[in-house]
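In: Build me a model:
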Amino acid sequence: MPSTSTGQAAADTEPTPARPTWGETLRVYLEPASLRMFALGFSAGLPLLLVLGTLSFRLREAGLDRTTIGYLSWVGLAYGFKWCWAPLVDRLPIPLLTRWMGRRRSWLLLSQVLIMVSLVGMAMTDPRTELTLVVWCALAVAFASATQDIALDAYRIESADMRHQGALAATYQTGYRLAMIWAGAGVLWIAARAEVAPVSTAGAGPGVLYQQAAWSTAYLVMAASMLVGVLTVLFSREPVRVALPPARNAAEWLQSALVEPFADFLKRYGKQALLILALIGVYRISDVVMGIMANPFYVDMGYTKDEVAAVTKIYGVIMTLVGAFIGGALSLKLGVMRVLMLGAILSAASNLLFAWLAGHGHDVVALIFVISADNLSAGVASAAFIAYLSGLTNVQYSATQYALFSSMMLLAPKWLAGYSGAFVDTYDYPTFFVATACLGAPVLLLIWLATRLAPVQKPPGR
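Out: The predicted structure is shown next:
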């Protein structure tokens, strides 16, 4: 039996793997897996604004009151409840389609086709006369988009080892943000170009300038843009399937699909699980509640489609990406929890700038200043928050647990945001923006508690 010293000497002589050069590191972004994730990130980011931010702009321009627009934002609750059917996406095969394409790709394709069909429905329906049908189509888009998110998060986690997850996450986020530019600025730009005659906003209120044909063209282009994701899924490979023990009956299947992912989380974090879920549930509450009224606010302040597209959708997304890079770097330097606290403070404080902007009326320079601060803050907060959520996930239950975390992030904020229009109608925009800033105070307390009572978890199955 070799001695300890001999074994140690042998270990000391083993060559250590050479660190990759910067060129080799950057080439990972050109690998097929990274390029696929870029395209799929575009497919994931496209539907969100079309049923939330962009839709609220369209509805306000069509003359709908802010209270109704606020209530219709509850369509976004589909994203908050996606954990309910995530176990089905994680485990349930689709007849014929799963046998042909595999578990992840079949769910991705089904959800993408449903998104396309529902966007066509939104395009062909006039909210002034058929609002109910618009809402049903938007709800179908939100449900299918949430389902796509579930399958895509699992696809991303299962497509590469831990060393490549950072690159996949980066290309996914890049594609996602570009899609948000296209679904935010692009759709407004297309609608503005498709108007039958130049219009002026001078002295015109909501509903006067609305042209259904222009919005129909814009939404049809968005539906066609989903082909990026469809073609990517059709020409991609199914990731290596995580081995799961076979279920002998329906009860065992329900146990493994519905119960075990949540039981695993509770087992690993114990009593701290409730604190973690509470933090996840309210961390973005200031941004989400305020965001529902942002586009109606721009319409009421007299900003044109082109101004909103350029400043809030294109420039704003760029500022969000800059903030995300800053947040990622700070997370490495200072730690995730400290940057979580910083992001929460900045996100709440930036809402106060919108209250200041409300007193300026139509002022593009002031809008640029406010959007710079707000989106930089959102980027910092998002980077730290994604890192925090990723560290909580067990790869064995990737789809279900990540869906739980990302759903919890939206559930309470989206519900509360539904009352935002009624609040603005009762009071005013400045009071509303100040109130949303105050919503960030409990978040700071929860982060402080989570930092002091850091959970001691059992290692997840990675």
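
In: any weak-confidence spans in this structure?
Out: Within the chain, the stretches with pLDDT under 70 are 1-29, 160-167, 197-208, 240-250, 252-254, 256-258, 390-391, 393-403, 453-462.

In: Touching the helix or strand T320 falls within from outside, list them.
Out: Element membership for T320, per DSSP states H and E: helix 316-334. Defining contact as C-beta atoms under 8 Å, 6 or more residues apart in numbering, one finds that helix 316-334 is touched by 173-174, 177, 180-181, 184, 338-339, 342-343, 371-372, 374-384, 387. For glycine as for every other residue, the C-beta is placed from the backbone atoms N, C-alpha and C.

In: Following element in sequence after it, please.
Out: Heading C-terminal from helix 316-334 (DSSP H and E), you reach helix 336-358.

In: other SSEs contacting the following helix or strand past that next one?
Out: Downstream of helix 336-358, the first helix or strand assigned by DSSP H and E is helix 364-390. On a contact count with 3 or more C-beta pairs under 8 Å, 6 or more residues apart in numbering; DSSP states H and E, helix 364-390 meets helix 316-334, helix 336-358, helix 398-417.

In: what's the angle from the shortest one to helix 336-358?
Out: When you say that, I think you mean helix 316-334. 150 degrees (axes from the mean of the first three to the mean of the last three C-alpha atoms, to 10 degrees).

In: Pull the distance from helix 316-334 to the chain's centre.
Out: Helix 316-334 sits 16 Å away from the centroid of its parent chain (C-alpha atoms, centre = their mean, to the nearest Å).

In: Name the nearest residue to V89, sequence neighbours excluded.
Out: I150 (4.5 Å; C-beta to C-beta, 6 or more residues apart in numbering).

In: Dump the C-alpha coordinates for stretch 347-358 into PDB.
Out: Provided in PDB are the C-alpha atoms of stretch 347-358 (Å, rounded to 0.1, in the frame of the first residue of the first chain):
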ATOM      1  CA  SER A 347     -34.100  50.400  -8.800                       C
ATOM      2  CA  ALA A 348     -36.300  52.000  -6.200                       C
ATOM      3  CA  ALA A 349     -34.500  55.400  -6.300                       C
ATOM      4  CA  SER A 350     -34.700  55.600 -10.100                       C
ATOM      5  CA  ASN A 351     -38.500  55.500  -9.900                       C
ATOM      6  CA  LEU A 352     -38.300  58.900  -8.200                       C
ATOM      7  CA  LEU A 353     -36.800  60.300 -11.400                       C
ATOM      8  CA  PHE A 354     -40.000  59.400 -13.300                       C
ATOM      9  CA  ALA A 355     -41.900  61.600 -10.700                       C
ATOM     10  CA  TRP A 356     -39.500  64.400 -11.600                       C
ATOM     11  CA  LEU A 357     -40.000  63.700 -15.300                       C
ATOM     12  CA  ALA A 358     -43.800  64.000 -15.000                       C
END
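
In: Report the distance from it to the chain centre.
Out: 22 Å.

In: Contacts for that stretch next, please.
Out: 284, 286-287, 290, 294, 297, 301, 363, 366-367, 369-370, 373-374, 377-378, 381, 428-431, 433-434, 436-441, 443.

In: same check, this time on stretch 67-74
Out: Counting by C-beta under 8 Å, 6+ apart, 52, 55-56, 59-60, 135, 138, 292-293, 296, 414-415, 417-425 sit against stretch 67-74.

In: re the thing from before, can I get the buried ones among the contacts of helix 316-334 as something I can paste into PyMOL?
Out: Listed next is the PyMOL selection for buried residues among the contacts of helix 316-334, using 16 or more other C-beta atoms under 10 Å:
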select buried, resi 173+174+177+180+181+184+339+342+343+371+372+374+375+376+377+378+379+380+381+382+383+384+387
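
In: neighbours around T129, how many?
Out: Close neighbours of T129, defined as other C-beta atoms under 10 Å, add up to 10.

In: gap between it and V233?
Out: 36 Å (C-beta to C-beta, to the nearest Å).
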